[in-house]
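*Asks:* A predicted structure for the sequence below; I have some questions about it.
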Amino acid sequence: MKVLLITNQVKTITIITNYINLNIKDITILIANDIKSAKLILSEHNVNVIICESTIFNIKYQKTFAFIPIILIHSFNNANFTHNFKYVSLDNLSVLSSYLQDFMTLSTNIKDTKELIFKHLIQIGFNIKHNGTKYIAESIILLKYYCKVNYIKDIYSIIARKHNTTSNNIKSNILKSINYMYCETDFSIIQKYFSLIDDIKPTPKQIILTVLKKI
């Protein structure tokens, strides 16, 4: 598992890295001294957890770091518990082990679920090499493990931020992957999987919610 530590404090780096190395196995620690460098690291590495100084963090960054659990480092002087995040204090890191173990379990569960999602998508004729198919899988993971959204465009927006692109691009790629599936798959397979009556192409929302229900 990869952990990204965002801090500009040498003391914090020393305390956190020493604690993790001494108490938790199989964790790689990446370090960024600000949000800009953190974004660069995230574009190059598959980070599972972010640990960030609360003095650096802003609630708007939660959208930037979509899909990644966040642990905030606080002190008694700067603690702010108004948002639903995990918190640790440098004065008492005992809870950090529990948090990271939970996130390691979550990471494993997500990996297994993603494999299952792709099996379902392949079964109904999707090409897993297509970006749109990958975005469909991410949409299902988002709904299952991270948050509930009211509109499909909200899913597109979250995934777009993760990939540094636009919602329209996410939507376009998903529609292309659906068109490919619909053209290449015998309709009886599609009809059975989605419980369709007429020969119609399933919508992105229908596909995402149906696969989510079946996994």
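*Replies:* Received, thanks.

*Asks:* residues in contact with the residue nearest to the spatial centre of the chain?
*Replies:* With distances taken as Cα atoms, centre = their mean, the residue of the chain nearest its centroid is F67 (2.2 Å). F67 is in contact with 138, 141-142, 146, 162, counting by Cβ atoms under 8 Å, 6 or more residues apart in numbering. (Each C-beta comes from the backbone N, C-alpha and C, glycine too.)

*Asks:* Distance-wise, check it relative to Q123.
*Replies:* The gap separating F67 from Q123 is 25 Å, by Cβ to Cβ, to the nearest Å.

*Asks:* Repeat that for I174.
*Replies:* Here the criterion is Cβ to Cβ. By it, I174 lies 18 Å from Q123.

*Asks:* So for these two, which sits in the more crowded spot?
*Replies:* Between I174 and Q123, counted using other Cβ atoms under 10 Å, the more crowded position is I174 (26 against 13).

*Asks:* what residues are up against that one?
*Replies:* When contacts are counted by Cβ under 8 Å, 6+ apart, I174 is found next to 132, 135-136, 156, 204.

*Asks:* With K176 instead?
*Replies:* When contacts are counted by Cβ under 8 Å, 6+ apart, K176 is found next to 130, 132.

*Asks:* same thing but at 10 Å, please
*Replies:* Taking Cβ atoms under 10 Å, 6 or more residues apart in numbering, we find K176 in contact with 130-133.

*Asks:* between the residues you listed, which is closest to T185?
*Replies:* Each of those was checked against T185 using Cβ to Cβ; the closest is T133, at 12.9 Å.

*Asks:* Which elements pack onto the helix or strand harbouring that closest one?
*Replies:* Take DSSP states H and E as the rule and T133 turns out to sit in helix 131-141. On a contact count with 3 or more Cβ pairs under 10 Å, 6 or more residues apart in numbering; DSSP states H and E, helix 131-141 meets helix 94-123, helix 152-163, helix 167-184, helix 204-214.

*Asks:* what about those, which gets the closest to L40?
*Replies:* helix 152-163 (14.5 Å).

*Asks:* Return the closest one as CSV; C-alpha atoms alone will do.
*Replies:* C-alpha atoms of helix 152-163 as CSV (Å, rounded to 0.1, in the frame of the first residue of the first chain):
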residue,chain,number,x,y,z
ILE,A,152,-25.1,10.6,-13.2
LYS,A,153,-23.5,13.9,-14.1
ASP,A,154,-22.2,14.1,-10.5
ILE,A,155,-20.3,10.8,-11.1
TYR,A,156,-18.8,12.2,-14.3
SER,A,157,-17.7,15.3,-12.5
ILE,A,158,-15.9,13.4,-9.7
ILE,A,159,-14.2,11.0,-12.1
ALA,A,160,-13.2,13.9,-14.4
ARG,A,161,-11.4,15.6,-11.5
LYS,A,162,-9.5,12.4,-10.8
HIS,A,163,-8.3,12.2,-14.4
